[in-house]
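Visitor: Curious how this folds, go ahead:
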Amino acid sequence: MSPVDCPCGGGTFARCCGRFLDGGEQPATPEQLMRSRYSAYVLGRAGWLTETWHASTRPASLDLDEGTRWLGLTVKGAGLTSPEWGWVEFIARWRAAGPGQGAGRAHRLHERSRFVKDGGRWFYVDGDLFENG
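Guide: Sure, this is the predicted structure:
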């Protein structure tokens, strides 16, 4: 990946997730928000993850594993169920690092995430995991 590529795979960082993470814009769709959240995980931007997590389900703290190596994102589908509710199904791949079970192995997270539009902004609410990635 070149320095100008966006971690989510959606183009250049400045035109894709960078405009949200660094440029002050707000994502206009659940998919844009989900892609920016993936990029935030890759780049260790816990502040963006907290800011875009709906208050009703946001954890009290967020501890990102700095040793995780993110390998890629595939968006399987996205849509709206109403003007205020949306979903994104995706697969995120990563390699665990450090001591412990699964270190060095590649892993997959296959999730259908739910998003809500609150106060004119999209927020991540929660998601359902698919078995076997």
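
Visitor: where does this structure have low pLDDT?
Guide: Judged by pLDDT under 70, the chain has its weakly predicted residues at 1-3, 98-103, 132-133.

Visitor: Going along the chain, name the helices of it.
Guide: Here the chain has its helices, by DSSP state H, at 18-21, 30-43, 46-51.

Visitor: Those helices: which one's closest to R95?
Guide: R95 lies closest, by CB to CB, to one member of the helices of the chain: helix 30-43, at 12.3 Å. (Glycine included, C-beta is placed from N, CA and C.)

Visitor: For the residue nearest to G120 when sequence neighbours are not counted, the count of nearby residues, please.
Guide: Among residues not flanking G120 along the chain, Q26 sits closest, at 8.0 Å (CB to CB, 6 or more residues apart in numbering). Number of residues near Q26 (other CB atoms under 10 Å) recorded here: 13.

Visitor: swap in M34?
Guide: 28.

Visitor: Can you tell me how far the nearest residue to it once chain neighbours are set aside is from V116?
Guide: Nearest residue to M34, sequence neighbours excluded (CB to CB, 6+ apart): V88, at 4.3 Å. Distance, V88 to V116, using CB to CB, to the nearest Å: 13 Å.

Visitor: Mind checking which of those two has more residues around it?
Guide: Neighbour count, other CB under 10 Å: between V88 and V116, V88 has more, with 25 against 18.

Visitor: I'd guessed G72 sits against G9; true?
Guide: Yes. With contact defined as CB atoms under 8 Å, G72 reaches G9; the gap is 6.6 Å.

Visitor: Let me know how buried the residue lying closest to W70 once chain neighbours are set aside is, in neighbour terms.
Guide: Among residues not flanking W70 along the chain, V42 sits closest, at 4.4 Å (CB to CB, 6+ apart). Neighbour count for V42, taken as other CB under 10 Å: 22.

Visitor: Repeat that for R19.
Guide: 16.

Visitor: where along this protein do the strands fall?
Guide: For the chain, the strands defined by DSSP state E cover 69-82, 85-95, 106-118, 121-129.

Visitor: how about the ones you listed in TSV, adding distance to E31?
Guide: Formatted as TSV, those follow (distance: least, CB to CB, whole Å):
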stretch	distance to E31
strand 69-82	4
strand 85-95	5
strand 106-118	9
strand 121-129	10
